[in-house]
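Colleague: Sharing a model prediction with you, sequence too.
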Amino acid sequence: MTHKWWQNAVVYQIYPQSFQDSNHDGIGDLHGIIKRLPYLQKLGVDVLWLNPIYDSPLKDNGYDIADYEKILPTYGTMADFDELLAEIHNHGMKLLMDLVVNHTSDQHRWFQESKQSRDNQYADYYIWRDPVDGHEPNNWGAAFGGSAWTYVPERGQYYLHLFAPGQPDLNWENPAVRQSVWKIMRFWLDKGVDGFRMDVINLISKPNGLPDAPEPANYAIVEPLVADGPKLNDYLHEMNEEVLSHYDVMTVGEMPSSKPEDAIAYTGLDSNELNMVFQFEHVQLSANPDPRLGKWDDTPVKLIELKQALSRWQKALDGKGWNSLYWNNHDQPRAVSRFATDDPKYRVRAAKMLGTTLHMMQGTPFVYEGEELGMTNVHYTSLDQYEDLESINSYHELVDQDKVVDGTTMLKYLASRSRDNARTPMQWDASKNAGFSDEKPWFALNPNYTEINAKAAVDDQQSVFYHYQKLIQLRHDSDLIKYGSYEEIDPQDDAVFAYRRHYQGQTLLVISNFTATPVTRDYGQPTTSKLLISNYDDDKGTQLRPYESKVYVFD
Ligand code: TEU
Ligand code: CA
């Protein structure tokens with residue numbers, strides 16, 4: 001098969017609100033991003049993905065879009081956007097937009113009209129149902145708490161929202177909805193954007209008849225029930241035929257609950273749907289046995305399970321589809337805190353170790369802003385420090401209302417898993433407000449910015465930043481790293497993550513000690529002269545020091 005540009009790419013994710021303020025209001029914006037393009041160019045990434053920058057009431061930080069063809073005024077104007085796109089291209093990079101079309105904001109014109117009556121032009125743009133015995137049509141729960149249905153007296157009906165009430169789900173069964181989405185996509189592609197990250201795109205086709213979820217009786221978690229619905233392949237196919245196939249772009253579909261077999265159907269080399277998906281297996285690993293707690297947990301990930309999840313996807317998609325690779329994003333805690341350690345004694349080595357482990361796999365790596373600095377969780381200790389609706393609603397629901405867990409324990413879970421860990425402003429330097437803004441930032445900085453920041457990293461040849469720069473360079477230069485097949489080593493080893501890659505007679509051997517304990521492992525390591533990258537400055541062969549991670553390449 002001929003290779004595509006996005007198979008050679010490394011993507012950098014920008015959370016616009018928290019990246020760089022340029023106009024002194026404490027909120028990141030488009031001109032702020034322009035200012036930091038040289039930094040991103042120095043890192044060596046190829047593509048930037050921006051979280052939603054469209055007009056929005058920001059109930060869910062922009063994942064509730066009120067106008068798909070307008071920039072949120074806080075971030076800038078459409079002219080600023082055009083300038084940003086041109087500047088990204090001038091710097092040799094590409095731009096992915098976030099496409100959020102499972103739902104809109106309830107402030108969107110379509111919903112404002114839809115909710116008026118059962119017979120207007122937009123009446124069928126959303127999923128409306130009559131009450132059943134005076135209450136909700138089924139037991140589905142919304143991802144951010146409560147029922148997935150909200151009643152609207154004007155229509156005498158409920159509308160479906162898998163997320164917050166301010167995020168009504170679009171009715172993809174309606175061909176007019178699909179045409180409206182294709183029109184939005186063309187609007188951005190005709191401006192020259194280079195592709196889309198598609199928000200929860202595997203949830204757009206709802207199961208026939210909207211059946212009750214098996215458990216629990218009220219307000220069940222429905223993601224697994226709704227994911228990969230009956231018409232999803234048809235919709236993605238139509239999207240490809242109508243829109244994507246007319247442009248040379250990259251697409252990644254966010255797909256919680258999807259399995260490798262599903263992903264092969266969506267990203268298959270001749271499926272003509274999407275290029276890759278974000279799978280969730282490795283970020284949903286949890287030791288918590290109580291389904292009512294959902295994602296809330298604070299136990300460290302078990303390495304054996306982590307290896308199993310990632311290796312499964314590596315093997316399943318090889319030669320059949322294409323993986324995305326990520327440790328974290330705006331919905332996940334910081335990688336180094338979650339999968340290794342943010343103990344200052346090991347943080348730098350551990351962050352490099354994680355980078356190496358992921359970037360040597362097959363797929364397109366995604367780096368979340370600050371990951372290249374080894375930014376850490378923020379370690380909040382009280383509820384009023386949180387901003388994210390998921391964290392706040394979950395606390396009230398699980399502690400105050402359902403009494404599933406006590407407040408102290410829940411605060412530990414939030415500190416470990418809250419999305420806010422990812423959303424503190426980018427740490428640029430040690431000056432006031434970390435160089436993010438000269439005004440008070442919209443969201444508190446992680447106090448460790450005085451030590452962990454981009455300026456310190458760029459000034460230090462041993463920093464996580466230069467390690468990532470090297471990982472990106474190595475991928476660009478190596479077909480073995482890009483295309484090699486994947487061979488798992490010792491899946492039952494609970495301390496070391498090791499694997500081999502094979503391509504045209506060459507072997508890549510990747511070894512990462514995920515613990516602070518020195519261990520000895522013999523995988524037939526070749527001589528030090530074959531070492532490609534390491535997070536220590538010498539090589540001790542079979543001896544692995546705390547969080548040591550190294551890669552050999554040989555014939
Ligand atoms: O996230 C989808 C998703 O899977 C979330 O429900 C996820 O399970 C949760 O955030 C984990 O804590 C996407 C966006 O990335 C997220 O920011 C949005 O809030 C959500 O869709 C709704 O648009
Ligand atoms: Ca600003």
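Modeller: Great, that's in hand. Ligands and ions are numbered 1, 2, ... in the order given.

Colleague: which residue is nearest the middle of this structure?
Modeller: Asn329 (3.9 Å; CA atoms, centre = their mean).

Colleague: Pull up the gap between Glu548 and Thr450, please.
Modeller: From Glu548 over to Thr450 the distance is 28 Å, taken as CB to CB, to the nearest Å. For glycine as for every other residue, the C-beta is placed from the backbone atoms N, C-alpha and C.

Colleague: Would you indicate which residues of stretch 262-281 are buried?
Modeller: Burial within stretch 262-281, assessed by neighbour count using 16 or more other CB atoms under 10 Å, is assigned to 262-267, 271, 273-281.

Colleague: I'd guessed Leu445 sits against Met426; true?
Modeller: No - counting by CB atoms under 8 Å, no contact exists between Leu445 and Met426, whose distance comes to 9.3 Å.

Colleague: Between these two, which contacts overlap?
Modeller: With contacts taken as CB atoms under 8 Å, 6 or more residues apart in numbering, the residues that reach both Leu445 and Met426 are Ala434, Phe436.

Colleague: hmm, back to that, between Glu548 and Thr450, which is the more surrounded one?
Modeller: The residue with the greater number of neighbours, taking Glu548 and Thr450 and applying other CB atoms under 10 Å, is Glu548; the counts read 23 against 14.

Colleague: Chain neighbours aside, what residue packs nearest to that one?
Modeller: The spatial neighbour of Glu548 that comes closest, neighbours along the chain excluded (CB to CB, 6 or more residues apart in numbering), is Asn513 at 4.9 Å.

Colleague: coming back round to it: Leu445 and Met426 - which one has more neighbours?
Modeller: Just comparing Leu445 and Met426: by other CB under 10 Å the higher neighbour count belongs to Met426, 26 against 20.

Colleague: Quick check: that one vs ligand 1, distance?
Modeller: Shown here: Met426 relative to ligand 1, a distance of 18 Å by CB to the nearest ligand atom, to the nearest Å.

Colleague: could you list every residue that touches that residue?
Modeller: Contacts were defined as CB under 8 Å, 6+ apart; by that measure Met426 touches Ser18, Phe19, Gln20, Gly28, Glu369, Gly370, Ala434, Phe436, Ala454.

Colleague: And the residues you listed, which two are furthest apart?
Modeller: Gly28 and Ala454 (14.3 Å; CB to CB).

Colleague: For ligand 1, what's the nearest residue on this protein?
Modeller: For the chain, the nearest residue to ligand 1 under the criterion CB to the nearest ligand atom is Tyr63, separated by 3.3 Å.

Colleague: Next up, the contacts around the nearest residue in space to that residue that is not next to it in sequence.
Modeller: Spatial nearest neighbour of Tyr63, excluding adjacent residues (CB to CB, 6+ apart): Val100 at 5.4 Å. With contacts defined as CB under 8 Å, 6+ apart, the neighbours of Val100 are Pro52, Tyr63, Asp64, Ile65, Asp199.

Colleague: mind checking pLDDT for the closest residue to ligand 2 within the stretch 401-550 of the chain?
Modeller: Proximity of the stretch 401-550 of the chain to ligand 2 (CB to the ion) peaks at Ser437, 7.1 Å away. The predicted local confidence for Ser437 comes out at a pLDDT of 98.

Colleague: Please name the residues that touch the closest residue to it other than its chain neighbours.
Modeller: Once its chain neighbours are removed from consideration, Ser437 has its nearest residue in Asp21; the separation is 3.6 Å (CB to CB, 6+ apart). Contact partners of Asp21, counting by CB under 8 Å, 6+ apart, are Ile27, Gly28, Asp29, Gly32, Phe436, Ser437, Asp438, Glu439, Pro441.

Colleague: related to what we said a few turns ago, now do the contacts for the residue nearest to the centre of the chain.
Modeller: Shown here is Asn329, whose contacts under the criterion CB under 8 Å, 6+ apart are Gln13, Phe278, Phe366, Tyr368, Ala422.

Colleague: Counting neighbours, which of those end up buried?
Modeller: Counted by 16+ other CB under 10 Å, the contacts of Asn329 give Gln13, Phe278, Phe366, Tyr368, Ala422 as buried.

Colleague: Okay, and which of these map to helices?
Modeller: Counted as lying in helices by DSSP state H, out of those, are Ala422.

Colleague: Need the buried ones among the contacts of Asn329 in CSV (columns: pLDDT and distance to ligand 1).
Modeller: Converted to CSV, the buried ones among the contacts of Asn329 look like this (pLDDT from 0 to 100; distance: CB to the nearest ligand atom, whole Å):
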residue, pLDDT, distance to ligand 1
Gln13, 98, 10
Phe278, 98, 9
Phe366, 98, 12
Tyr368, 98, 12
Ala422, 98, 10
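
Colleague: Mind telling me the two of the buried ones among the contacts of Asn329 farthest from one another?
Modeller: Farthest apart among the buried ones among the contacts of Asn329 by CB to CB are Phe278 and Ala422. That separation is 14.4 Å.

Colleague: If anything else comes up later, I'll come back, but that's it for now.
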